[in-house]
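1. Here is a sequence together with a model predicted from it:
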Amino acid sequence: MHEELQGTFDTLKQFVLFSGTSNPKLGEEIAAHLGVELSPITIEKFANGEIYVRPGCSVRGADVFFVQSISGKNVNDSLMEVLIASDACSRASCRSFTAVLPHYAYARQDRKATPREPITARLVANLLEASGVDRVVTLDLHQGQIQGFFDVPVNHLTALPLFADYYSKKDFDWENTVVVSPDVGRAKAAKRLSDQLGCSLAIAHKGRPKHNMAEVMAVIGDIEGKTCIINDDMIDTAGTLCGSVKELSKMGAGDIYVCATHAIFSGPAIDRLMEAPIAEVVVTNSIAVPEERLSDRLKVISVAPEFAEAIYNIYTDRPVSTLPGGDAAL
């Protein structure tokens with residue numbers, strides 16, 4: 001071995017962190033927690049809407065992490081940015097490409113509920129793998145089984161410890177507080193949150209009179225006169241959620257708090273939330289929320305520290321499951 005090469009192998013590993021355009025502030029926060037700067041990258045659109053992505057630095061032999069919430073008004077553009085960035089970095093001989101997806105779009109299309117429906121969550125997984133993605137880091141999938149759509153490693157984080165920490169600092173009477181699951185499918189997550197807070201659990205049973213509409217038919221558990229914390233994975237148009245809140249209020253619930261990981265907030269969602277009998281709504285910044293819409297009743301907590309720790313552990317070959325939000329086996 002040449003003398004000038006001796007002792008260099010332990011320094012050859014290279015870390016590169018990029019951010020897409022859907023939630024750049026979150027990317028900057030993650031970089032700040034890691035003590036690094038985001039690497040330069042060019043993301044542009046041609047006149048016909050086609051997307052162009054080119055890393056602004058060498059990625060040869062590098063472990064690349066690309067932060068992008070597949071969300072927003074241009075959700076498909078957000079997805080294409082990830083696919084094109086992965087392809088560009090793979091063709092530029094990166095060592096690995098990790099897609100850090102705080103929000104995984106199309107997750108609700110994870111099965112055939114009626115004949116001739118697509119399973120788009122699986123299609124997105126196939127597209128990510130075909131583009132060269134070697135690993136996915138994501139947060140509170142609509143269903144944990146979506147991890148099985150991938151043939152590459154998936155690190156599934158959860159925001160539940162963040163919500164537990166947030167509410168534990170409030171002056172609640174925990175003997176008269178109950179975590180309410182909005183439906184049976186979210187019951188395990190709600191139970192986990194109630195265990196962390198040391199309070200009771202209730203489960204709302206919903207009926208669906210028609211597609212994309214649900215209403216509370218009954219509640220399993222005692223909510224009368226109690227402070228209720230409704231936990232869900234996402235808030236889209238907030239129509240179903242606000243309808244459920246009104247029904248719980250009619251059933252005798254006390255103050256109602258809402259927490260959700262992904263603030264999709266389509267259309268009139270925020271206005272509906274502010275008009276509903278909700279004491280406070282807490283979401284994460286997995287999807288960017290306009291600062292002008294924040295208020296005493298709508299608050300955002302950051303998932304940047306959680307993602308920064310996960311990225312660091314992945315890069316340094318440490319376990320992710322030991323982190324506070326690293327085990328989303330719900």
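-> Perfect, thanks for sending it. Numbering: from 1, shown residues only.
2. Gln196 reaches Ala164, doesn't it?
-> Yes - applying C-beta atoms under 8 Å as the test, Gln196 and Ala164 come out as touching, 3.8 Å apart. In short, each C-beta sits where N, CA and C put it, glycine included.
3. Between the two, tell me which one has more neighbours.
-> Higher neighbour count among Gln196 and Ala164: Ala164, with 20 against 16, using other C-beta atoms under 10 Å.
4. Tell me which residues of the helix or strand hosting the more buried one come out buried.
-> Assigned by DSSP states H and E, Ala164 belongs to helix 160-168. Within helix 160-168, the residues that count as buried by 16 or more other C-beta atoms under 10 Å are Leu160, Pro161, Leu162, Phe163, Ala164, Tyr167.
5. Report the secondary structure state of Ser266.
-> Look at Ser266: counting by DSSP: H, G, I helix; E, B strand; the rest coil, its state is coil.
6. residues touching it, list them.
-> Counting by C-beta atoms under 8 Å, 6 or more residues apart in numbering, Ser266 touches Asp236, Thr237.
7. can you confirm Val320 is in a helix?
-> No - counting by three-state DSSP, Val320 is located in no helix; its state is coil.
8. tell me the contacts of it?
-> Contacts of Val320 by C-beta under 8 Å, 6+ apart are Asn155, Leu157, Ala310, Asn313, Ile314, Gly326.
9. Across the sheet, point out what pairs with the second one.
-> Just to be clear, that refers to Leu157. Leu139 (DSSP bridges).
10. Spell out the residue ranges of the strands in the stretch 151-300 of the chain.
-> 154-157, 177-181, 200-210, 213-220, 227-235, 256-263, 280-284, 298-301 (DSSP state E, counting those that start in this stretch).
11. Which of those has the lowest mean pLDDT?
-> Of all these, mean pLDDT reaches its minimum on strand 213-220 (a mean of 67).
12. for Lys112, helix, strand, or coil?
-> Assignment for Lys112 (three-state DSSP): coil.
13. That one and Thr120 touch, don't they?
-> No - counting by C-beta under 8 Å, Lys112 stays clear of Thr120, with 10.8 Å between them.
14. neighbour count winner among those two?
-> Legend: neighbour count by other C-beta under 10 Å for Lys112 and Thr120, higher for Thr120 (14 against 10).
15. Count the residues that sit near the nearest residue to the more buried one once chain neighbours are set aside.
-> Nearest in space to Thr120, with sequence neighbours left out and distances taken as C-beta to C-beta, 6 or more residues apart in numbering, is Gln109 at 3.8 Å. By other C-beta under 10 Å, 17 other residues sit near Gln109.
16. how about Gln109, what does it touch?
-> Glu117, Pro118, Ile119, Thr120, Ala121.
17. Equivalent analysis for Val303, please.
-> Contacts of Val303 (C-beta under 8 Å, 6+ apart): Leu26, Pro102, Leu139, Leu157, Ala159, Leu162, Thr284, Asn285, Ser286, Gly325.
18. Check what pLDDT the residue nearest to Met80 when sequence neighbours are not counted gets.
-> Using C-beta to C-beta, 6+ apart and skipping the chain neighbours, the partner closest in space to Met80 is Ile51 (5.0 Å). You'll see Ile51 listed with a pLDDT of 98.
19. Can you tell me which of the contacts of Val303 is nearest Glu292?
-> Nearest to Glu292 among the contacts of Val303, counting by C-beta to C-beta, is Asn285 at 15.0 Å.
20. Phi and psi next, for the closest one.
-> phi -90, psi 30 (degrees, to the nearest 10).
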